[in-house]
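In: build the 3D model from these lines:
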Amino acid sequence: MEKNWIKIFSSTNYYQAEIVKKMLLEHQINSVLLNKQDSSHQTFGDIGIYVHQHDFSNAIEAIILNQLNS
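Out: As a prediction, this is how the structure comes out:
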């Protein structure tokens, strides 16, 4: 992965990670989903969502607002 990307979210649930990625995209924040789960055992490893460092503050704010509105 390139420099200046920060992990902003981590989960063992692929669908939960996809929902967060989609929510970030709705806020015009580009993100990358990196799945490090073992292919034979989906409970080992995690799925991380990374954003560029200049989007970090906006991404945190979007995630917090989404949590408050849920």
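In: can you give me the strands in this structure?
Out: 5-11, 31-35, 47-52 (DSSP state E).
In: for the residue sitting nearest the centre point of the chain, list each beta-bridge partner.
Out: By Cα atoms, centre = their mean, the mean C-alpha position of the chain lies nearest to I49, the distance being 2.6 Å. With DSSP bridges as the criterion, I49 is bridged to F9, L33.
In: so it sits right up against W5, yeah?
Out: No - using Cβ atoms under 8 Å, I49 makes no contact with W5, being 10.1 Å away. For the C-beta atoms, the positions are set from N, CA and C on the backbone; glycine is no exception.
In: overlap of the contact sets of these two?
Out: Counting by Cβ atoms under 8 Å, 6 or more residues apart in numbering, the shared contacts of I49 and W5 are V32.
In: re earlier: which one of the strands of the chain lies closest to Q67?
Out: For these, proximity to Q67 was assessed by Cβ to Cβ; strand 5-11 is nearest, at 11.3 Å.
In: what comes into contact with that closest one?
Out: 17, 20, 31-32, 46-53, 56, 59-60, 63.
In: mind checking which of those are buried?
Out: Those of these that meet the buried threshold are A17, V20, S31, I47, G48, I49, Y50, V51, H52, F56, A59, I63, by 16 or more other Cβ atoms under 10 Å.
In: check what pLDDT the residue nearest to N13 when sequence neighbours are not counted gets.
Out: Spatial nearest neighbour of N13, chain neighbours left out: I47 (7.5 Å); criterion: Cβ to Cβ, 6 or more residues apart in numbering. Per-residue pLDDT puts I47 at 91.
In: you'd agree I47 is up against S31?
Out: No - checked against Cβ under 8 Å, the pair I47 and S31 is beyond contact range at 11.8 Å.
In: contacts only, for the residue nearest to G45 when sequence neighbours are not counted.
Out: Closest residue to G45 apart from its sequence neighbours, by Cβ to Cβ, 6+ apart: Q37 at 4.0 Å. Q37 makes contacts with T12, Y14, T43, F44, G45, D46, I47, as judged by Cβ under 8 Å, 6+ apart.
In: give me the subset of those lying in helices.
Out: Y14 (DSSP state H).
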